[in-house]
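[1] quick one, fold the following:
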Amino acid sequence: MGLFGLLLVLHILASIAIIGPAFVMPIIRRSARTVGQLNFAFGMTTKLAIMPKIGGVVLILTGVWLMIITKMGLSQMWLNISILLSLLMVVMIDGWIEPRMKKIIKIISESPDQDNGIPAEFRHLIKKIVPIETATQLLMIAILVLMVVKPF
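    Next up is the predicted model:
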């Protein structure tokens, strides 16, 4: 396997490190039925958050390196759109989702009743994040399709 193959494998593994937690963690959070379970789910989310961050750095570095090796640059429309969608996704995650999650995590960790059901106020805060998470998941799918199919 040459340098191109190695970079491509690392690029794909990095995308898995980003996509995996982004799809699984919201499902785990939504399945929580008590404050304690929700607190545990948020703890897992916080611990797994390192994977997409490392994956993102590796994804960018390998992507740029692949563009240099193939002399592609920014000449391909699918690549330009993928980069723009990726930037939008980062803004959505870092600018909208994470600040709201931190607020919810703080409130839940201070809740005295860990064994009781999730109060309506927490459910309401979590439901406000769902459309943003869904939009980021759809962006991930669109980026993945663009990277694999390279339609234009």
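
[2] how about the residue positioned nearest the centre of the chain, what does it touch?
    Nearest to the geometric centre of the chain sits residue 22, at 3.8 Å (C-alpha atoms, centre = their mean). Counting by C-beta atoms under 8 Å, 6 or more residues apart in numbering, residue 22 makes contact with 52, 93, 136, 137, 140. Backbone N, C-alpha and C define where each C-beta goes, glycine included.

[3] what separates residue 128 from residue 104, distance-wise?
    From residue 128 across to residue 104, the span is 9 Å (C-beta to C-beta, to the nearest Å).

[4] who are the packing partners of the strand or helix carrying residue 89?
    If you go by DSSP states H and E, residue 89 is part of helix 77-91. Contacts defined by 3 or more C-beta pairs under 8 Å, 6 or more residues apart in numbering; DSSP states H and E place helix 77-91 against helix 120-149.

[5] any buried residues in the helix it packs on, and which?
    Going by neighbour count (16 or more other C-beta atoms under 10 Å), the buried part of helix 120-149 is 122, 125, 126, 129, 133, 136, 139, 140, 143, 146, 147.

[6] what sits against the closest residue in space to the last one that isn't next to it in sequence?
    The spatially closest residue to residue 147, leaving aside those adjacent along the chain, is residue 82, at 6.0 Å (C-beta to C-beta, 6 or more residues apart in numbering). Remark: with contacts taken as C-beta under 8 Å, 6+ apart, residue 82 is in contact with 143, 146, 147.
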